[in-house]
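Engineer: sequence unknown, structure follows:
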């Protein structure tokens, strides 16, 4: 294997409450839900009527723009009336668990399946939504052909579970998944980025493996694409989460819909654990009895990019982690805990805090306080230090703020997703909502190309 | 502290909100409250946790970095004053009349600071009130920098006018903090320099030299003018290197002279309030670099740029000014203070890392060049940094174009392959 790609820029935020040890199974949830909002820009069209029975793998709704993309139920049960928001937009589709059986399709062989077979099976059987494309960080259209498919074999986000934990016992499924994805490419193999020194993927021959060595965001698939085969204008690359590769492998081989998810329950407000469940499990089912609920923020995903799911919301479709952090809604007196305090309890990339003098093993109990108010851009060079791409982050963000499409394109917007800017947002002295700005820029590009 | 916060929230705040009597002054209340208490605002979109750093802490640390220069400057004002009166000699420079010196200095410095902050913050509060945004902390630093780079005997009304001009024309018309092209403090000084050239030259560098002269109490050597090192050196321009004038001036720069290397380095010479001590500026630089708030790239390349120009002038040696050693050059005048506190202003400096190297180097180079070539403007640092402020976006432009071209080249190569 070639020498690992070293990325120097970045930051590992050392939070308290990591989940260690072996994963253990969770009881089946009473309800399974899909949030169409997890798929950026998706407008769902319901296929299953409220009140009817559905089997696991049965179609719940389709993509209005691309009706061939099917979203299926992870469990058998009764379809509920969709939860709607403003303008009757569908926010969540629930299935109340009950009943057995599963929709059964023909089994595919990982070694011999053709591109057409894999593509139509993924569309028809509910695996297509597991794909994401760059540029624009959206679901790919059914007709598109990717230049490459990238899979990140490690999650470097704060408190994220290890590859070995989430793929425990699923390596055969994972390798079958890689084979199916290889079939979608015109020759060539899936690109797999692994953590240097991690033996989880030893012997995997179905992918081109590149090792990465560096702090977060080295595990972000965007960073890996940039260092292995950077994207240019007009090219399209697909990305798949490592657990979903295993789901695709297991599901296409068996003919059934598989949506397994090993989730790390993390954060200082939780009793950390690794829980085996399915996509669509309510967050409350994962946190039951394991989380101190008072003044706690429960995030689906990690502390940098995760989302809030509402009271009955389900785990995010792409998430493999739940982070429970204390809310920081107390005003802080400036000399003690506030802006002029010594800040031994704060984790900062700035050396005006003692973080950098502390032992590397010290973990921090960070809360959700904004630690200041939003200000104009003043400090320079801060984003660059945590952004391991050959892109000027501040200049790109400013071009988005002024809506200059041409400039965004020139400065590299095709290569990035909001998550790549999460650390920029974290370290920002001026408390600017960077990820939100990047998402708006991507949306503007989508409109421009529509 | 909870009790204090509760008191503010329940008793004080209602006066400033809704129909309160003082609702016009909401901005003032808001900025004072957020000064005392970091608000309990939680992250609402994007990241759920945030770094502890904010603009208040950043700006405060810059002010802390300026304290050595401020304190030394305060002492030095008194020191120069008593020196000019002959009450002390250079031999007992450190021990004698310590408190008297501080007192004289404070009498000069405190009003300067008060006027600068009152004028600048007053304007900022009004503009923030009109625009309905909260106060940016940028002026906390500018408001301290302005008094530090003023001549000792500058009339206070001039400071007020200059500050008002700088805040409004250099900053607010461009959109406020973060948007200005020129360094605000230097704009204030440049304004005075060009608007009141007569008052900004001559005997304003030492407290009350003119008064002492008139009263006949001035004890310094004949022809003593209270001029700065650079002012003296400017006299040698156009004179033969070994001529009488040059020799007279140069003797002041030799060991034991008034402007010897050590005196310039430590700062016991006349000059603007806090610019004279290279040592104090370097202590500030250490803090800024240590905390990562000041760009080490700019500070180091600025100094290197000055040294390089000094070496070039040494090699040319066309007049006595050029023969001053490069290290001596960079510890004189406002060079170090400018390198550490002015050139590093992140808003008006180059923003890209490569750009910072170029920006700093050229800034240092031009500082020494202007100083020597143009004796009418003895302090080249001000002009050089303002010039580089204007050039910074262009430097960044080329750095960014390089990035864009790399991307385009990659695309063409991919198309061929």
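Structural biologist: Okay, I see it. Just so it is clear, the structure is predicted and the values come from calculations on it, not from any experiment.
Engineer: tell me how far residue A:90 lies from residue B:159.
Structural biologist: 63 Å (Cβ to Cβ, to the nearest Å). Placement of C-beta: from N, CA and C, glycine included.
Engineer: comparing the two, which residue is more hemmed in?
Structural biologist: Comparing residue A:90 with residue B:159 by other Cβ atoms under 10 Å in any protein chain shown, the one with more neighbours is residue B:159, at 22 against 19.
Engineer: the more buried one - that's part of a strand, no?
Structural biologist: No - assigned with DSSP: H, G, I helix; E, B strand; the rest coil, residue B:159 falls outside any strand and is helix.
Engineer: gap between it and residue A:63?
Structural biologist: As judged by Cβ to Cβ, residue B:159 and residue A:63 stand 66 Å apart.
Engineer: quick one: low-confidence parts of the stretch 1-150 of chain A?
Structural biologist: A:1 (pLDDT under 70).
Engineer: show the contacting residues for the residue in it that chain B sits nearest to.
Structural biologist: The minimum distance from the stretch 1-150 of chain A to chain B, using Cβ to the nearest Cβ, falls at residue A:13 (7.1 Å). By Cβ atoms under 8 Å, 6 or more residues apart in numbering or on different chains, the residues touching residue A:13 are A:158, A:216, A:303, A:304, A:347, A:364, A:366, A:426, B:49.
Engineer: need the residues you listed in a markdown table (columns: distance to residue A:335 and neighbour count).
Structural biologist: Below are the contacts of residue A:13 laid out as a markdown table (distance: Cβ to Cβ, whole Å; neighbours: other Cβ atoms under 10 Å in any protein chain shown):
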| residue | distance to residue A:335 | neighbour count |
| --- | --- | --- |
| A:158 | 29 | 28 |
| A:216 | 32 | 24 |
| A:303 | 27 | 27 |
| A:304 | 29 | 24 |
| A:347 | 20 | 23 |
| A:364 | 21 | 20 |
| A:366 | 20 | 26 |
| A:426 | 24 | 26 |
| B:49 | 22 | 26 |
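Engineer: kindly reformat these as a markdown table containing pLDDT and secondary structure.
Structural biologist: As requested, the contacts of residue A:13 are exported to a markdown table (pLDDT from 0 to 100; DSSP: H, G, I helix; E, B strand; the rest coil):
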| residue | pLDDT | secondary structure |
| --- | --- | --- |
| A:158 | 97 | coil |
| A:216 | 95 | coil |
| A:303 | 97 | coil |
| A:304 | 98 | coil |
| A:347 | 95 | coil |
| A:364 | 96 | strand |
| A:366 | 96 | coil |
| A:426 | 97 | helix |
| B:49 | 97 | coil |
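Engineer: residue B:346: which of those residues is nearest?
Structural biologist: Nearest to residue B:346 out of the contacts of residue A:13 is residue A:426 (Cβ to Cβ; 18.9 Å).
Engineer: apart from its neighbours in sequence, what residue is nearest the residue in the stretch 201-350 of chain A positioned nearest to chain B?
Structural biologist: Nearest residue of the stretch 201-350 of chain A to chain B (Cβ to the nearest Cβ) works out as residue A:346 at 3.3 Å. In this structure, residue A:346 finds its nearest non-sequential neighbour in residue B:52, 3.3 Å apart by Cβ to Cβ, 6 or more residues apart in numbering or on different chains.
Engineer: tell me if the one you found really is in a helix.
Structural biologist: No - under three-state DSSP, residue B:52 falls outside any helix and is assigned coil.
Engineer: tell me the contacts of it?
Structural biologist: Each residue near residue B:52 by Cβ under 8 Å, 6+ apart is listed here: A:343, A:346, A:347, A:348, A:350, A:353, A:371.
Engineer: the last one reaches residue B:56, doesn't it?
Structural biologist: No - between residue A:371 and residue B:56 no contact is recorded; they are 10.2 Å apart, counting by Cβ atoms under 8 Å.
Engineer: mutual contacts of those two, please.
Structural biologist: residue A:339.
Engineer: neighbour count: these two, which is higher?
Structural biologist: Using other Cβ under 10 Å, the more surrounded residue of residue A:371 and residue B:56 is residue A:371, with 28 against 22.
Engineer: now do residue A:423 against residue B:397, distance only.
Structural biologist: Distance, residue A:423 to residue B:397, by Cβ to Cβ: 26 Å.
Engineer: look at those two and report which has more neighbours.
Structural biologist: Taking neighbours as other Cβ under 10 Å, residue A:423 and residue B:397 compare with residue A:423 leading, 30 against 14.
Engineer: now do the contacts for the nearest residue to that one once chain neighbours are set aside.
Structural biologist: Of all residues not flanking residue A:423 in the chain, residue A:386 sits nearest, at 4.0 Å (Cβ to Cβ, 6+ apart). By Cβ under 8 Å, 6+ apart, the contact list for residue A:386 reads A:9, A:10, A:11, A:217, A:349, A:423, A:424, A:426, A:427.
Engineer: rerun that using 10 Å as the cut-off
Structural biologist: Going by Cβ atoms under 10 Å, 6 or more residues apart in numbering or on different chains, residue A:386 touches A:9-11, A:215-217, A:349, A:393, A:421-428.
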